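Student: coords below, sequence missing:
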């Protein structure tokens with residue numbers, strides 16, 4: 001093997017190992033680190049008179065089909081009513097969203113407040129303005145298309161009795177828009193596993209916009225044009241104030257999956273664009289002085305977001321090694337993987353054991369969306385403005401505290 005062939009083989013090996021570490025190696029490493037260095041703790045028990053004033057903030061844009069159901073769910077939450085303000089911040093809605101909120105608020109005096117911003121300026125600006133008006137010591141952020149389990153607020157807020165806890169992230173469960181059944185995929189369970197491990201290490205990265213809470217005084221403000229505010233806000237608060245971010249798996253919210261593959265791909269590419277944007281905004285967290293946060297940010301996020309380019313490089317490098325057995329085997333491996341991803345589009349989801357054969361499809365689709373997201377970010381084609389995901393309009397069943405949720 002000459003020097004150029006050896007160099008190409010080394011680069012190819014590095015690329016394959018990088019992708020393998022990002023998706024398979026890191027989970028193993030973070031699991032053992034959480035066992036060795038993590039801490040398991042429970043939130044403080046509080047009586048009703050010890051719960052603080054909470055503001056449930058829901059930013060909305062053209063949500064006339066969802067907003068009344070969302071308000072009913074919010075008012076049904078098990079939290080002292082005199083210590084919960086429900087705030088809807090409308091970002092220039094052009095439909096009947098504000099009219100519906102006013103009607104429900106009039107029927108429930110003192111429980112709901114509407115912030116009717118007439119211009120559509122983007123969610124970041126709405127959050128910045130809305131936070132200045134909130135009365136709660138703790139702010140819980142959620143979405144208009146979310147259904148929260150009735151005990152979720154209590155479970156989130158209990159953690160704030162611990163002084164250094166600044167942000168608490170709940171768990172999102174995805175449901176089928178037609179049947180309402182829990183359709184948590186293997187990937188979603190995989191991500192939940194990583195969050196649990198990172199939380200034990202004090203290295204949880206961001207949150208989910210459907211359900212998370214933050215001390216109002218720690219809100220860092222959101223730069224205009226921020227694409228994934230639920231990733232930026234917790235980490236910016238941590239970097240600025242040194243607070244802890246905690247994952248509370250029993251605080252549960254439910255959302256529908258996107259109706260079409262196109263909508264789901266758009267959502268993933270938007271997250272990808274936001275990921276590349278956030279590297280530029282939060283790169284200081286990569287400094288070693290941030291400890292486990294720096295490690296998790298690099299391995300869980302940055303390396304994974306770079307995987308599309310690593311995969312392209314691996315495929316190209318293979319063609320310089322076709323006269324070697326190593327090159328032939330790795331090319332066969334790559335082509336086989338992409339063929340399996342294509343075939344996975346037609347693989348049935350039942351019985352359950354067949355779902356494992358759809359993993360290559362999910363892997364390739366996710367990396368393709370990341371690649372599209374990179375170019376959206378690079379050419380500024382992805383803004384922080386609203387773009388509603390089409391949903392079924394079906395009313396989900398209200399999740400009660402004793403309802404079983406499959407993790």
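Tutor: Great, that's in hand. Quick caveat, the model's predicted, so the values are computed rather than measured. Residues are numbered from 1 along each chain as shown.
Student: quick one: mean pLDDT over the longest strand anywhere in the chain.
Tutor: Ranked by residue count under DSSP state E, the longest strand found in the chain is strand 244-256. With pLDDT averaged residue by residue, strand 244-256 scores 93.
Student: so what are the sheet partners of it and their directions?
Tutor: Strand 244-256 has the following sheet partners, assigned by DSSP bridges: strand 147-148 (antiparallel), strand 165-175 (parallel).
Student: buried sites along it?
Tutor: Neighbour counts over strand 244-256 (16 or more other Cβ atoms under 10 Å) mark 244, 245, 246, 247, 248, 250, 251, 252, 253, 254, 255, 256 as buried. Heads up, the C-betas are built off the backbone N, CA and C, glycines and all.
Student: of those, closest to residue 297?
Tutor: residue 245 (12.0 Å; Cβ to Cβ).
Student: how about the helices in the stretch 51-200 of the chain?
Tutor: Remark: helices of the stretch 51-200 of the chain, listed N- to C-terminal, are 67-75, 97-107, 123-131, 152-158, 186-201; assignment by DSSP state H, counting those that start in this stretch.
Student: by how many degrees do the one helix or strand residue 233 maps to and strand 165-175 diverge?
Tutor: Under the assignment given by DSSP states H and E, the secondary-structure element containing residue 233 is helix 229-241. Angle, helix 229-241 to strand 165-175, by axes from the mean of the first three to the mean of the last three Cα atoms, to 10 degrees: 160 degrees.
Student: and the buried residues of strand 244-256 as CSV, adding distance to residue 372?
Tutor: Converted to CSV, the buried residues of strand 244-256 look like this (distance: Cβ to Cβ, whole Å):
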residue, distance to residue 372
244, 34
245, 29
246, 33
247, 29
248, 33
250, 35
251, 32
252, 31
253, 27
254, 28
255, 22
256, 23
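Student: can you tell me which of these lies nearest to residue 96?
Tutor: Out of these, the one with the shortest distance to residue 96 is residue 256. That distance is 20.8 Å, counting by Cβ to Cβ.
Student: surely that closest one touches residue 173?
Tutor: No: the pair residue 256 / residue 173 is not scored as a contact, 10.6 Å apart, by Cβ atoms under 8 Å.
Student: so residue 12 makes contact with residue 316?
Tutor: No: between residue 12 and residue 316 no contact is recorded; they are 9.3 Å apart, counting by Cβ under 8 Å.
Student: what comes up buried for stretch 270-285?
Tutor: Within stretch 270-285, the residues that count as buried by 16+ other Cβ under 10 Å are 270, 271, 272, 273, 274, 275, 276, 277, 278, 279, 282, 285.
Student: what about whatever helix or strand the first one lives in, distance to the chain center?
Tutor: Right, the one you point to is residue 270. Following DSSP H and E, one finds residue 270 within helix 261-282. Mean-position distance between helix 261-282 and its chain equals 10 Å (Cα atoms, centre = their mean, to the nearest Å).
Student: bridged to the residue nearest to residue 130 when sequence neighbours are not counted, which residues?
Tutor: Spatial nearest neighbour of residue 130, excluding adjacent residues (Cβ to Cβ, 6 or more residues apart in numbering): residue 89 at 4.3 Å. As for beta bridges, residue 89 partners with residue 59, residue 115 under DSSP bridges.
Student: I'd say residue 89 and residue 126 touch.
Tutor: Yes: counting by Cβ under 8 Å, residue 126 is a contact partner of residue 89 at 5.0 Å.
Student: tell me the bridge partners for residue 175.
Tutor: When bridges are assigned using DSSP bridges, the partners listed for residue 175 are residue 182, residue 256.
Student: look up how far residue 365 lies from it.
Tutor: As for residue 175, its distance to residue 365 is 20 Å (criterion: Cβ to Cβ, to the nearest Å).
Student: which non-adjacent residue is nearest the residue most central in space within the chain?
Tutor: Central residue check for the chain by Cα atoms, centre = their mean: the C-alpha nearest the mean position is that of residue 208, 3.9 Å away. Distance criterion Cβ to Cβ, 6+ apart; nearest residue to residue 208, sequence neighbours excluded, is residue 172 at 4.7 Å.
Student: return the residues in contact with the one you found.
Tutor: By Cβ atoms under 8 Å, 6 or more residues apart in numbering, the contact set of residue 172 is 208, 210, 211, 252, 253, 254, 255.
Student: now swap in residue 170 and tell me
Tutor: For residue 170, the contact set (Cβ under 8 Å, 6+ apart) comprises 148, 152, 155-156, 207-208, 210-213, 248, 251-253.
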